[in-house]
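Q: turn this into a structure:
(one chain, ligands or ions: 1)
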Amino acid sequence: MTITAAPLYPGKKIDLHTHIGDFGGWANVSLTETELIKLMKDYDVEWSAVYYTDNELVRKAVEKYPKELAGCYWPNPHEETAAEKVRVALTKWGFRGIKLHPLFQAFLPNDDIVHPIMEEAKRAKVPVLIHTGHSPFSLPWSVGELAENFPDVNIVMLHMGDGHGLYIQAAINTAKKMDNIYLETSAMPMGNKIKEAIDVVGKDRVMYGSDAPFGNPAVEIAKATASKLTDEELELYFYRNAKTLLDL
Ligand SMILES: [Zn+2]
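A: Alright, predicted model coming up:
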């Protein structure tokens, strides 16, 4: 399956959530770095944050496209060397963030095994992007516990609670309480909640992601466009917030 372009909101963008690689099995989606770059050109995306479990694949893609792809290291916190690997990626590979998937790798966001990784994020001053929206491992309240323990680390709740209304509300409420939590909105079905999140949490803490190749940029861009944001909010949501967060 491949994704092709459709005309949409034309302003420049940064996509905080993309993957390259082959997600076989039930997902049956894949994207190469060349296809991602093409997709970015089609939708006026200046930078994409990119992550995949095979970090070497991402490293090679970032080497090939250093002005387009912002690599985020995806560690498995169960590995004893996880924090060390993160440090190498952040200091030697030019990676700009860390991605955690508590559901996929079966840990709670605030588990002790995550804390050494958070220390690396703190040291390198990079954000930690965390999948949210699925019980029992990736719920907004659990990310809130982690954010409380690491007030100096910027944490992004990817999917902003995803497909469950209660989790979406919890993502907004938790981010409202903690300045170091940001929200990314891919795969979140309640389009109007983007406007609500901006009003409640702040215009500088909600941002665009497509989750390609799981998500389709045309859908995700339309969602925000339909959410009736002001011109300033659109620019912040699609571009400036991620630029600041990833230090691009
Ligand atoms: Zn994803």
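Q: ends of stretch 37-47, how far apart?
A: Stretch 37-47 has an end-to-end distance of 9 Å (criterion: CA to CA, to the nearest Å).
Q: buried residues in it?
A: For stretch 37-47, the neighbour count (16 or more other CB atoms under 10 Å) marks 37-40, 42-43, 45, 47 as buried. Glycine gets a C-beta too; all of them are placed from N, C-alpha and C.
Q: so which of those residues are in helices?
A: 37-40, 42 (DSSP state H).
Q: give the closest residue to residue 195 in space, chain neighbours not counted.
A: Leaving aside its sequence neighbours, residue 195 sits nearest to residue 227 (CB to CB, 6 or more residues apart in numbering; 4.6 Å).
Q: using the three-state scheme, assign the most far-flung residue of the chain relative to its centre.
A: The C-alpha centroid of the chain is most remote from residue 80, which lies 24.4 Å away (CA atoms, centre = their mean). Here residue 80 is recorded as coil under DSSP: H, G, I helix; E, B strand; the rest coil.
Q: confidence score at it?
A: In this model, residue 80 is scored at 96, pLDDT.
Q: again, but for residue 8
A: pLDDT, residue 8: 72.
Q: and for residue 23?
A: 88.
Q: residues of the lengthiest helix in the chain that come out buried?
A: Looking across the chain with DSSP H, the single longest helix is helix 165-177. For helix 165-177, the neighbour count (16+ other CB under 10 Å) marks 167-168, 170-172, 174-175 as buried.
Q: list the helices and strands that helix packs on?
A: Contact here means 3 or more CB pairs under 8 Å, 6 or more residues apart in numbering; DSSP states H and E; on that basis helix 165-177 packs against helix 140-149, strand 155-158, strand 181-184, helix 193-201.
Q: check these for me and report the most buried one.
A: Most buried of the helices and strands packed on helix 165-177, by mean neighbour count (mean count of other CB atoms under 10 Å): strand 155-158, with a mean of 28.
Q: partners of that strand, with directions?
A: Using DSSP bridges, the strands paired with strand 155-158 are strand 128-131 (parallel), strand 181-184 (parallel).
Q: from the chain's centroid, how far away is that strand?
A: Strand 155-158 has its C-alpha centroid displaced from the chain centroid by 6 Å (CA atoms, centre = their mean, to the nearest Å).
Q: render the CA-only coordinates of that strand in PDB, please.
A: The C-alpha trace of strand 155-158 is given here as PDB (Å, rounded to 0.1, in the frame of the first residue of the first chain):
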ATOM      1  CA  ILE A 155       7.400  15.200  26.800                       C
ATOM      2  CA  VAL A 156       5.000  14.800  23.800                       C
ATOM      3  CA  MET A 157       1.900  12.700  24.100                       C
ATOM      4  CA  LEU A 158       1.800  11.200  20.600                       C
END
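Q: what comes into contact with that strand?
A: Residues from elsewhere that reach strand 155-158 (CB atoms under 8 Å, 6 or more residues apart in numbering): 16-17, 127-132, 140, 143, 146-147, 171, 174-175, 180-184, 186, 207, 209, 211, 245.
Q: still on that earlier bit, tally up the residues packed near the residue nearest to residue 195, please.
A: Using other CB atoms under 10 Å, residue 227 has 20 neighbouring residues.
Q: next up, the contacts around it.
A: So residue 227 contacts 191-195 (CB under 8 Å, 6+ apart).
Q: repeat that with 10 Å
A: 185, 190-198, 233-234, 237 (CB atoms under 10 Å, 6 or more residues apart in numbering).
Q: tabulate those residues (CSV), appending pLDDT and distance to residue 136.
A: Below are these laid out as CSV (pLDDT from 0 to 100; distance: CB to CB, whole Å):
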residue, pLDDT, distance to residue 136
185, 98, 23
190, 90, 22
191, 86, 27
192, 88, 28
193, 93, 23
194, 95, 26
195, 94, 30
196, 95, 26
197, 97, 24
198, 97, 29
233, 96, 34
234, 95, 36
237, 98, 30
